[in-house]
Structure formats: structure tokens, C-alpha cells
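Novice: Generate a structure from the sequence data that follows.
(one chain, ligands or ions: 3)
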Amino acid sequence: MEDMMDSAVGPHFSGLRLDSRRLSSSSLPSPTSANGNGNGAADAAKGLASPKADGTRQPFVIGVSGGTASGKTTVCDMIIQQLHDHRVVLVNQDSFYRGLTEEQSEHVQDYNFDHPDAFDTDQLLECMGKLKSGQSVNIPIYDFKNHRRCSESFRKVNASDVIILEGILVFHDQKVRDLMDMKIFVDTDADIRLARRIRRDTVERGRDVISVLEQYGRFVKPAFDDFVLPSKKYADVIIPKGGDNHVAIDLIVQHIRTKLGQHDLCKIYPNVFVVHTTFQIRGMHTLIRDKNITTPDFVFYSDRLIRLVVEHGLGHLPFTEKQVVTPTGSVYMGVDFCKKLCGVSIVRSGESMENALRACCKGIKIGKILIHRVGDNGQQLIYHKLPMDIAERHVLLLDPVLGTGNSANQAIELLIRKGVPEDRIIFLNLISAPEGVNCVCKRFPRLKIVTSEIDGGLNEEYRVIPGLGEYGDRYFGTD
Ligand SMILES: Nc1ncnc2c1ncn2[C@@H]1O[C@H](COP(=O)(O)OP(=O)(O)O)[C@@H](O)[C@H]1O
Ligand SMILES: Nc1ccn([C@@H]2O[C@H](COP(=O)(O)O)[C@@H](O)[C@H]2O)c(=O)n1
Ligand SMILES: [Mg+2]
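Specialist: Ligands and ions are numbered 1, 2, ... in the order given. Down below sits the predicted model:
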């Protein structure tokens with residue numbers, strides 16, 4: 001999508017109209033550009049939004065606007081359905097309609113629901129701010145039949161990687177626009193919109209045709225001309241034909257998938273590090289993943305790979321400056337290793353990484369954590385033997401395969417309970433599933449993960465695919 005966006009210079013592109021001034025790579029404005037658009041198209045083309053001060057990434061926010069009944073909600077639902085990914089949430093501007101007072105209700109025919117003042121934009125900004133900072137929010141539920149908010153219930157929306165905010169006036173207020181990394185305008189012919197609106201308001205909202213037409217002529221159309229249409233210029237992408245435009249929706253879905261894709265995990269989570277791949281590394285992975293390899297060969301090549309991961313992990317430790325004198329009498333300005341260090345292996349497969357760690361760090365203390373599932377109810381028992389002064393050390397947590405992330409999270413929680421600061425834990429593994437990376441990084445954004453390959457995902461039995469089977473059994477020859 002990004003490549004295609006960059007090369008699409010004409011006003012029309014497969015039914016998806018892109019503003020070529022914005023999307024030609026040389027003219028992409030920054031989100032803080034002085035043109036007042038608050039345009040985040042540059043971010044949209046580059047990756048997820050910029051990191052926050054604590055190093056975690058902010059969610060990617062997509063604004064979807066357009067006239068009433070243009071198909072905004074339909075388009076958003078289609079995008080979310082196609083993505084089939086729980087890391088995308090929808091926020092409707094409609095939810096932030098102010099409820100009518102008794103007096104206003106008595107003269108509802110005179111109320112302008114299409115004016116910006118009809119929405120509680122401060123509340124919308126507060127909710128979006130919370131979502132962007134990773135907190136879940138309770139969003140009001142608005143009832144179009146009695147023009148009020150439901151007083152007892154809310155819709156809980158969890159923090160996500162992608163937030164879609166849709167509504168007729170989401171591009172009107174600059175503060176709301178500034179939240180967005182990408183803006184889509186659903187452009188549908190006015191006659192079609194009116195026809196749909198009549199049908200929707202009579203069938204779904206219990207109104208009569210006369211009142212719908214009166215409201216349309218008195219408020220909806222003028223407000224469209226005064227507020228909605230002028231905000232179209234802020235759009236990065238214009239979709240003609242709304243939900244019927246499958247080409248445009250496919251392209252947008254593909255774009256979001258790219259943002260969420262496993263190859264973007266390192267962009268999403270700045271603390272995930274994948275060892276730079278070479279043909280040697282690919283060759284060793286090919287051997288250990290082969291179901292026909294002998295146990296000695298599995299151990300030999302695993303050990304080689306683990307040493308690479310350990311060395312990479314050690315590179316993330318703090319250092320102090322150190323000078324030494326060389327045999328030529330010259331001074332070498334170098335660095336000294338971090339001394340306060342220990343390993344912790346998650347028993348049993350994590351123990352397979354201990355030799356490689358000892359080979360790299362002479363005399364290193366290594367603790368152990370055993371996580372034992374109790375029955376089928378998800379409860380787990382943890383046994384551990386850790387260095388007494390672990391709270392003062394940097395911890396290299398060892399487990400060769402990161403699958404669901406559940407055991408890793410249990411182990412990390414224990415380390416934190418023992419006083420180890422989150423940012424002093426480096427989790428080392430050979431293979432990671434994207435699900436595990438998401439699970440661990442969301443919970444512990446300051447911890448570092450160092451891995452040698454990120455696989456496709458988990459199957460129905462929660463095994464990493466393509467993976468390499470039961471690592472511990474293969475390493476210790478018990479398979
Ligand atoms: N492509 C389409 N063809 C036919 N009906 C549609 C189409 N898109 C939306 N509708 C219908 O039109 C009405 C308005 O669509 P909706 O997505 O709610 O628009 P908006 O959120 O922009 O107001 C709904 O009743 C919906 O079912
Ligand atoms: N009580 C209300 C509140 C809003 N409206 C109309 O809804 C339209 C916005 O929603 P869309 O899904 O159509 O974008 C807007 O045009 C309002 O006129 C209403 O009729 N009653
Ligand atoms: Mg809608």
C-alpha cells in the first residue's frame with residue numbers, strides 16, 4: 001500500500017482517490033507541519049505513530065468522516081471485519097452526542113444535531129487521549145430514538161494498536177484532527193445519502209418520512225455544506241461509493257495489516273530486537289527446525305544460535321568507560337562490562353540456554369523458575385530459586401521459544417515482585433510468535449526482548465508455527 005501510495009500520482013487510483021500533493025513522498029508533511037492540517041500522512045506512510053517518552057508506541061489513529069448515511073459506519077465495520085484482529089477498535093463520534101434536556105426534547109424538531117455544538121467534543125478528546133496513552137475507557141451509549149445517553153451502561157473500549165474514529169464532524173475540530181495519523185473521507189452522492197437516511201431513520205429510528213425530510217432540509221443539508229464538506233480537504237484518502245468500494249476497503253485493510261504485521265513488531269515495540277539475519281543464521285534455523293535432525297546436531301546448532309542471542313542481549317547492558325594500556329604502550333579507550341548480572345532460566349527448556357550463557361559470562365549466577373499448570377482452569381504454580389540480591393542485578397531471562405507469552409509473563413511478574421525493575425530484564429529466546437511478543441510487550445513495555453526469528457503465529461493448539469516442536473524434549477533427547 002505504501003509503495004502504491006507513493007507511485008499513485010494521479011487523482012484517481014483504482015477507485016481510491018488519493019491526494020497526490022500529500023502522498024508524494026517528497027512532499028509528505030510532518031504531523032507538526034505548519035500548514036495547520038495537523039496532517040499525519042507522513043506517519044501513515046512511514047509506520048505507526050511516534051514513540052512516547054517511555055519508549056512505547058502510540059496507537060495508529062484513523063479518522064473516517066463523510067456526510068450522513070454516506071456509509072462511514074458500514075465502511076468501518078467492513079474494515080474491522082476484514083481485519084479480524086482484536087487490536088483494532090472503533091470509536092463513533094455519535095456516542096458523544098449531548099443528551100437532550102426535558103425542554104429540548106419537547107422541541108426536538110428544532111434541535112440541530114448536525115452542528116458541532118451538538119457533540120461533547122471535550123469528552124471525546126479526553127477518551128481518545130486516554131486510549132492513545134494505553135488506558136481503556138468507558139464510552140457513552142447514545143440512543144437515537146429518545147436522543148439521550150443511556151445512564152446506566154457504557155461501552156468499554158480497550159487500548160489498541162489501531163483506533164478508528166468515525167463521525168460526520170471528526171475533521172471539523174483541529175484538536176480532534178490532530179489525533180489522527182490518517183484521514184479517510186467517505187464520499188457518497190447526496191441523493192443516495194438522502195434515500196438511505198430516509199430508510200434508516202424510518203426503519204431503525206422509528207421516525208416518519210415528513211420529519212426526516214424536514215430535519216434534512218432545515219439542519220442536515222446546511223450543516224453538511226457548512227461543516228462537513230469544507231472538512232473534506234483534510235482527508236488523505238477519499239473513498240467514492242462507500243461500502244460498495246471493495247477495492248478501496250481492501251487497500252485500507254492491507255495498509256492497516258502492514259502496520260500490525262509481524263514484520264512491524266519491531267516498529268510497534270521499540271524494545272524488541274531480532275538478531276540481524278545472515279545465511280549462516282538461516283542455515284542453523286533450517287537445521288534445528290528439521291524434524292529429522294539428530295539430537296547431537298540439534299544441540300550443537302541450538303547452542304550456536306543461543307550464543308548469538310546471548311551476545312546480542314549482552315550488548316543491551318549498560319557499560320562504564322575503561323582505559324587499558326596495550327603492549328605497544330598506547331592507551332586503548334574501552335568499556336567495562338556490567339558486573340551486576342544474572343541469568344534466570346524458565347525450567348525446563350530455558351535450562352538449555354544456560355551453557356551458552358555461561359560460555360559468554362564466566363561465573364555468572366543462574367536462577368530458575370518453574371511454572372506448573374494446575375488442571376485446566378488456567379491456574380499456575382510457580383517454584384523458584386533466585387539469587388538473593390536479584391533486585392540489584394540485570395536479569396537475562398532464558399526461554400528458547402516465546403509462544404503465547406503466558407509463562408513469560410508469569411516469570412516476569414515474579415521477577416518484578418522480587419524487586420527487579422522492568423527495564424533491567426532482557427528476555428532472550430530463539431523463536432518468538434507475534435502473539436507472545438504482543439502479550440509480553442503490552443504488559444511490560446520497558447522490558448527488552450532479544451530473539452533470532454519471529455515466526456508466523458500460533459495454531460489452534462497454541463503451538464508456534466512453523467516452530468520446531470517441543471524444544472526441551474528435542475534438546476535433552478526425551479522426544
Ligand atoms: N453500499 C450500500 N448500499 C446500500 N445500503 C447501504 C450501503 N452502505 C450503507 N448502507 C445503508 O445506509 C444506511 C447508512 O449507512 P451508515 O454506514 O450507517 O452511514 P453513516 O455511518 O455514514 O451515517 C444504513 O442503513 C446502511 O445499512
Ligand atoms: N438524536 C439524533 C442524533 C443525531 N441524528 C443525526 O445523525 C446524523 C449523524 O449520524 P450518521 O451515522 O448519519 O453519520 C446526523 O446527521 C444527525 O442529524 C439524529 O437524527 N438524531
Ligand atoms: Mg454512522
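
Novice: Quick one: mean pLDDT for stretch 354-371?
Specialist: When pLDDT is averaged over stretch 354-371, the result is 93.

Novice: Sort out which residues of it are buried, please.
Specialist: Across stretch 354-371, burial judged by 16 or more other C-beta atoms under 10 Å covers Glu354, Ala356, Leu357, Cys360, Cys361, Ile366, Gly367, Lys368, Ile369, Leu370, Ile371. Glycine gets a C-beta too; all of them are placed from N, C-alpha and C.

Novice: before we move on, what about stretch 236-246?
Specialist: Quick answer for stretch 236-246 (16+ other C-beta under 10 Å): Asp236, Val237, Ile238, Ile239, Pro240, Lys241, Gly242, Gly243, Asp244, Asn245.

Novice: on that earlier part again, return the closest of the buried residues of stretch 354-371 with respect to Met388.
Specialist: Distance ranking of those against Met388, using C-beta to C-beta, places Gly367 first at 9.9 Å.

Novice: Backbone dihedrals for the residue nearest to Ile346 when sequence neighbours are not counted, please?
Specialist: Distances taken as C-beta to C-beta, 6 or more residues apart in numbering put Asp399 closest to Ile346, at 4.2 Å, once the chain neighbours are dropped. Main-chain torsions, Asp399, degrees, to the nearest 10: phi -160, psi 120.

Novice: ok, back up a step: among the buried residues of stretch 354-371, which lie within strands?
Specialist: The members of the buried residues of stretch 354-371 that map onto strands under DSSP state E are Ile366, Gly367, Lys368, Ile369, Leu370, Ile371.

Novice: What is the nearest of those residues to ligand 2?
Specialist: If you rank these by distance to ligand 2 using C-beta to the nearest ligand atom, Ile371 comes first, at 48.3 Å.

Novice: From what I see, that closest one and Ile412 are in contact.
Specialist: No: applying C-beta atoms under 8 Å, one finds Ile371 not in contact with Ile412, separated by 11.2 Å.

Novice: tell me the contacts of the closest residue to Asn158 other than its chain neighbours?
Specialist: Nearest non-adjacent residue to Asn158, counting by C-beta to C-beta, 6+ apart: Ser136, 4.5 Å away. Ser136 is in contact with Lys130, Lys156, Val157, Asn158, Ala159, counting by C-beta atoms under 8 Å, 6 or more residues apart in numbering.

Novice: what ranges of the chain fall below the confidence cut-off?
Specialist: For the chain, applying pLDDT under 70 flags the ranges 1-58, 84-86, 257-264, 267, 374-379.

Novice: Would you mind listing what in it touches ligand 1?
Specialist: 66, 68-74, 196, 200, 242-244 (C-beta under 6 Å from any ligand atom).

Novice: In strands, which of these appear?
Specialist: Judged by DSSP E, the subset of those located in strands is Gly66.

Novice: Taking the residues of the chain next to ligand 1, please make a ChimeraX selection of just the buried ones.
Specialist: Paste this into ChimeraX to select the buried members of the residues of the chain next to ligand 1, with burial taken from 16+ other C-beta under 10 Å:
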select :66,68,69,70,71,72,73,74,196,242,243,244
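
Novice: Among the residues of the chain next to ligand 1, which one lies nearest to Leu125?
Specialist: The shortest gap between Leu125 and any of those belongs to Lys72, at 19.5 Å (C-beta to C-beta).

Novice: Can you name the residues of the protein sitting close to ligand 2?
Specialist: Applying C-beta under 6 Å from any ligand atom, we find that the chain lies next to ligand 2 at Thr68, Ala69, Lys72, Thr73, Asp94, Tyr97, Phe113, Asp114, Phe144, His147, Ile168, Val220.

Novice: which residues does the third one contact?
Specialist: When the contact criterion is C-beta under 8 Å, 6+ apart, the partners of Lys72 are Val64, Ser65, Gly66, Glu166, Gly167, Ile168, Val186, Gly242.

Novice: Strands along the stretch 201-350 of the chain, start to end?
Specialist: For the stretch 201-350 of the chain, applying DSSP state E, counting those that start in this stretch gives strands covering 237-240, 272-274, 320-325, 331-336, 341-347.

Novice: ok, the shortest one: who's next to it in the sheet?
Specialist: Yep, that's strand 272-274 we're talking about. Partner strands and pairing direction for strand 272-274 (DSSP bridges) are strand 448-451 (parallel).

Novice: Quick check: next helix or strand after the strand it pairs with?
Specialist: Downstream of strand 448-451, the first helix or strand assigned by DSSP states H and E is strand 453-454.

Novice: In terms of secondary structure, what does the helix or strand following that next one contact?
Specialist: Per DSSP H and E, the first helix or strand lying C-terminal to strand 453-454 is strand 457-458. Secondary-structure packing of strand 457-458 (3 or more C-beta pairs under 8 Å, 6 or more residues apart in numbering; DSSP states H and E): helix 434-443, strand 464-465.

Novice: which residues are in contact with strand 457-458?
Specialist: Outside strand 457-458, the residues that touch it by C-beta under 8 Å, 6+ apart are Gln262, Gly403, Thr404, Ala433, Pro434, Glu435, Val464, Ile465.

Novice: Just checking: what are the partner strands of that strand?
Specialist: Strand 457-458 sits in its sheet next to strand 464-465 (antiparallel), going by DSSP bridges.

Novice: and the following helix or strand past the partner strand, C-alpha only, in PDB?
Specialist: Using DSSP H and E, the next helix or strand after strand 464-465 towards the C-terminus is helix 471-476. What follows is helix 471-476, C-alpha atoms only, in PDB (Å, rounded to 0.1, in the frame of the first residue of the first chain):
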ATOM      1  CA  TYR A 471      12.300 -27.600  22.300                       C
ATOM      2  CA  GLY A 472      13.200 -29.100  25.700                       C
ATOM      3  CA  ASP A 473      12.400 -32.700  24.600                       C
ATOM      4  CA  ARG A 474      14.500 -32.200  21.400                       C
ATOM      5  CA  TYR A 475      17.400 -30.600  23.300                       C
ATOM      6  CA  PHE A 476      17.500 -33.100  26.100                       C
END
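
Novice: which residues are in contact with helix 471-476?
Specialist: The contact list for helix 471-476 (C-beta under 8 Å, 6+ apart) reads 288, 295, 298-299, 302, 348-349, 351-352, 400-401, 430, 468, 478-479.

Novice: Of those residues - the most surrounded one?
Specialist: Pro400 (27 neighbours; other C-beta atoms under 10 Å).

Novice: ok, now how distant is that one from ligand 1?
Specialist: Going from Pro400 to ligand 1 by C-beta to the nearest ligand atom, to the nearest Å gives 48 Å.

Novice: what do you get for Cys266?
Specialist: Taking C-beta to the nearest ligand atom as the measure, Cys266 falls 36 Å from ligand 1.
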